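Colleague: give me the fold of what follows.
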Amino acid sequence: MKSIKDAVDMSQHSERITERFERVDPWMIGLAVVSSILAFLVVSPMFWLVWQASTVDPLRAYELIVSSQTARITANSIGLMLFVTLFSILLGVPLAVLTTRTDLPYPRFWTIVAALPLVIPSYIGAIAFVSMFGSGGEIDSLFGVTLPRVDGLRGAVFIITLYTYPYVFLTTRAALLSMDSSIVDAARTLNAGWFEAFRRVTLPQIRPGIAAGALLAGLYAISDFGTPAFMQASVFTSTIYWEFSGFGVEYAALLALQLIAIAAVVLVIEAGIGRDEDVSGGTSSGTTIRLGYWKWPAMGFISTIGIVTLVVPVAIFTNWLFRSEGDPIPSLEFQWEFAYNSVRLALLAALVACAFALPIAYYSGRTNSLISRVLERATYIGFAVPGVVIGLALVFLGTRTLPSFYRQGVWLLVFAYVVRFLPQAVGTIRSSVLQVDDKTIEAARTLNAGRFEVFRRVTLPLIVPGVIVGGVLVFLTTMKELPVTLMLGPIGMDTLVIIIWDAQDALAYRYAAIPSLLLILISGFSMLVLLRQENDNLS
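Modeller: Numbers count the residues shown, from 1 in each chain. So this is what the prediction gives:
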C-alpha cells in the first residue's frame, strides 16, 4: 500500500510540475532574456571603469585619494551640491506655493515663466554671465564697473541654481496640486497662522515632492561639467576631464569612482527622506491665500528670475550676432553642418534608446516580478552617473577592447547617449504599457492571435504616444549633452555643443551665439512635453 501511495504522490507531484511548466510563457521568457542582455550592455561601462581603477598600484591609489588636491575637489563638489540644493529649495518651494495656493494673477503664465529656465543648458547661462558680468566682461570694459565675481565655485553655485531650481518647483507644485488642502483649512480653524499651518501641516505632506526635486537638483549639480569648467571651479567633473585630457587616466578613474560613491550616498539619503508621506488622493483645493498688496512684489520676484535666466542670455547671444570684433577664426564660423551633425546624432540616439527601452519597459509593465524590477532599475544607473564618468568608462572600453569601433566613433558615441538617457524612454514607455487594459489583450487572444500578433496589432498602437514622448526627451537631452560629446565625438565631426565649447575656450564668445540660440530654441520644445504631462493641472 505504501508503494502505491508513493507512486500516487509522485504522479501528482509530476502533474504539478507539468502544469507549472505549461504556465510559463515563452514570450515572457524571451522578453526577460532580451531585457537582461540590454540591461547588461547599459551597465557594462561601469565594469570597465572599476577594472581600470583596479589596475592602479595600491600605494599609488592611496596617495592619490588622500592627496590635498583630492580633498579640495571633494569639498568643492560636495559644497556645490549642497548649496545648489539648498538655494533651489529656497527658490522652488515659494514659487510653487505662489502659483498653486495664492490668488496670484495669471498663475498659468507665471508657472511657465518659473519653469522655462529648465530648458536652457546651464553652461550656456554660464557663458552669457561670464562674458557679461565676469572680470573683463562687457560691463567691466564698457562702464568700468567692478562687479562681484561670478566665476569660481560661488559663480558655479549661482548659475547652476538659476537653471536647476525648476526641478524643485515642478515636483513641489505637483505635490501641492495633489494634496487635500482642506486639512490646512482645519488647521486654520484652530487659530494657526498661515506660516504655522504650512510648517506643521503642508510641509510634511509635500516633503516627498520637495525631496524628489532636491535630488534632481543635487545630482545635476554634482554631475554638471560645463558650468564648473567655464567657471574654472575645481570639482570632480571638470578635474576628471582635464586629467583625462592630460593622460592622467589613473587619477581620473579613481576620481570617477569617488564621484559615483557620492551620488550613491545621495540616492540613499533621498530614499530615506522622501518616502514617508502619501499626498495622493486630494479632493479639495482649500482656501486660497489672499496676497493683497504682496501680489506686486510676488510678480516682481518671478519677473526678475525670468529676466535674469531667460531674457539676459538671449539678449547677450542676440547682441553677439551683430558684432565682429578681433580677427576672424574660420574654424569657429557657424556652418549648418554643425546643426546637422547634432540632429543626426540625437535622432540616432533617440531611435536606439527606444529600441532598447521597448522590450525592457514592456516586460516591466506586464509583469511584477523581482527580475523585471531589477532590470528596469538597472537602466537608471547611467542617468544617475555623470556624463563625464560614462565618457571615461567608454573610452577605456573602446581603446582597450574595441579599438576599431572606437576609431569609427559615431556608434560608440550613440551608445554613450543611450546609456546616459535610456531611463527617459523606459519611464514613458512603461507608463503607457501600464495603461493598456488587460481585457483588451485577452479579447485579442480569444481570437487565436499569437502573442507577437497581439503586441503588433493591439499593444503597440496603444503605446506609440509613450514611445514618441520618450524618443523626443532623449533627442532633446542628447542635443545638449556636453562631456560625452567632447570625449567620444569623432574627430572632424563638430556639433553645436563642441563649437560652443571651442568658442568659450578661445574667448571668442560671438561664435557661440548661433549655436547657443539654436540649442535654446530646440530645448524649448521640452517644456511642451512637461506642460503636456501636467495638462489640466495647471490653473
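Colleague: would you mark the buried spots in the host helix or strand of residue 476?
Modeller: Element membership for residue 476, per DSSP states H and E: helix 460-480. By 16 or more other Cβ atoms under 10 Å, the buried positions in helix 460-480 come out as 463, 466-467, 469-480. (C-beta placed from N, C-alpha, C; glycine too.)
Colleague: packing partners of that helix?
Modeller: Counting contacts by 3 or more Cβ pairs under 8 Å, 6 or more residues apart in numbering; DSSP states H and E, helix 460-480 packs against helix 336-366, helix 410-434, helix 496-505, helix 513-534.
Colleague: let's see that with 7 Å instead.
Modeller: helix 336-366, helix 410-434, helix 513-534 (3 or more Cβ pairs under 7 Å, 6 or more residues apart in numbering; DSSP states H and E).
Colleague: between the ones you listed, which one is closest to residue 314.
Modeller: helix 513-534 (6.8 Å; Cβ to Cβ).
Colleague: report the buried residues of stretch 124-136.
Modeller: Going by 16+ other Cβ under 10 Å, stretch 124-136 has these buried residues: 124-134.
Colleague: got those as CSV, with distance to residue 360 and secondary structure columns?
Modeller: CSV is the format used below for the buried residues of stretch 124-136 (distance: Cβ to Cβ, whole Å; DSSP: H, G, I helix; E, B strand; the rest coil):
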residue, distance to residue 360, secondary structure
124, 33, helix
125, 34, helix
126, 35, helix
127, 37, helix
128, 39, helix
129, 40, helix
130, 41, helix
131, 43, helix
132, 45, helix
133, 45, helix
134, 45, coil
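Colleague: what is the nearest of these to residue 306?
Modeller: Using Cβ to Cβ, residue 125 comes nearest to residue 306 of these, at 13.0 Å.
Colleague: my read: the closest one touches residue 313, true?
Modeller: Yes - applying Cβ atoms under 7 Å, one finds residue 125 in contact with residue 313, separated by 5.6 Å.
Colleague: which phi and psi does residue 248 have?
Modeller: With angles defined as degrees, to the nearest 10, residue 248 sits at phi -90, psi 60.
Colleague: hmm, I was thinking of residue 102
Modeller: phi -120, psi 170.
Colleague: before we move on, the earlier item: pLDDT averaged over the helix holding residue 476, what's the number?
Modeller: Averaged across helix 460-480, pLDDT comes to 82.
Colleague: which is the succeeding secondary structure element to that helix?
Modeller: Per DSSP H and E, the helix or strand that comes after helix 460-480 is helix 483-488.
Colleague: what about that following helix, distance to the chain center?
Modeller: 17 Å (Cα atoms, centre = their mean, to the nearest Å).
Colleague: list of residues touching that helix?
Modeller: 225, 237, 241, 244, 387-388, 390-392, 394-395, 409, 412-413, 416-417, 420, 495, 497-498, 501 (Cβ atoms under 7 Å, 6 or more residues apart in numbering).
Colleague: that older thread, out of the helices and strands packed on helix 460-480, the one nearest residue 177 is which?
Modeller: helix 513-534 (8.3 Å).
Colleague: which element is residue 253 on?
Modeller: Short version, using DSSP H and E: residue 253 is in helix 249-273.
Colleague: what's that helix packed up against?
Modeller: So helix 249-273, by 3+ Cβ pairs under 7 Å, 6+ apart, packs with helix 26-54, helix 58-65, helix 203-223, helix 236-245, helix 387-400.
Colleague: now mean neighbour count and distance to residue 381 too, for those helices, in JSON lines please.
Modeller: Listed next are the helices and strands packed on helix 249-273 as JSON lines, based on neighbours: other Cβ atoms under 10 Å; distance: least, Cβ to Cβ, whole Å:
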{"stretch": "helix 26-54", "mean neighbour count": "17", "distance to residue 381": "5"}
{"stretch": "helix 58-65", "mean neighbour count": "13", "distance to residue 381": "23"}
{"stretch": "helix 203-223", "mean neighbour count": "22", "distance to residue 381": "12"}
{"stretch": "helix 236-245", "mean neighbour count": "22", "distance to residue 381": "17"}
{"stretch": "helix 387-400", "mean neighbour count": "23", "distance to residue 381": "10"}
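Colleague: got CSV for those helices, with distance to residue 428 too?
Modeller: What follows is the helices and strands packed on helix 249-273, written out as CSV (distance: least, Cβ to Cβ, whole Å):
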stretch, distance to residue 428
helix 26-54, 17
helix 58-65, 40
helix 203-223, 17
helix 236-245, 27
helix 387-400, 21
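Colleague: make CSV from those and add mean pLDDT to it.
Modeller: CSV is the format used below for the helices and strands packed on helix 249-273 (pLDDT from 0 to 100):
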stretch, mean pLDDT
helix 26-54, 79
helix 58-65, 80
helix 203-223, 80
helix 236-245, 84
helix 387-400, 80
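Colleague: quick check: which of these is nearest to residue 318?
Modeller: Closest approach to residue 318 among the helices and strands packed on helix 249-273 (Cβ to Cβ): helix 203-223, 26.7 Å.
Colleague: centre of the chain to the closest one, how far?
Modeller: Relative to its chain's centre, helix 203-223 lies at 13 Å (Cα atoms, centre = their mean).
Colleague: where are the low-confidence patches of the stretch 51-200 of the chain?
Modeller: Along the stretch 51-200 of the chain, segments meeting pLDDT under 70 span 134-149, 178-200.
Colleague: quick one, grab the pLDDT at the most centrally placed residue in the chain.
Modeller: Ranked by distance to the mean C-alpha position of the chain (Cα atoms, centre = their mean), the top residue is residue 383 at 6.4 Å. With respect to pLDDT, residue 383 scores 76.
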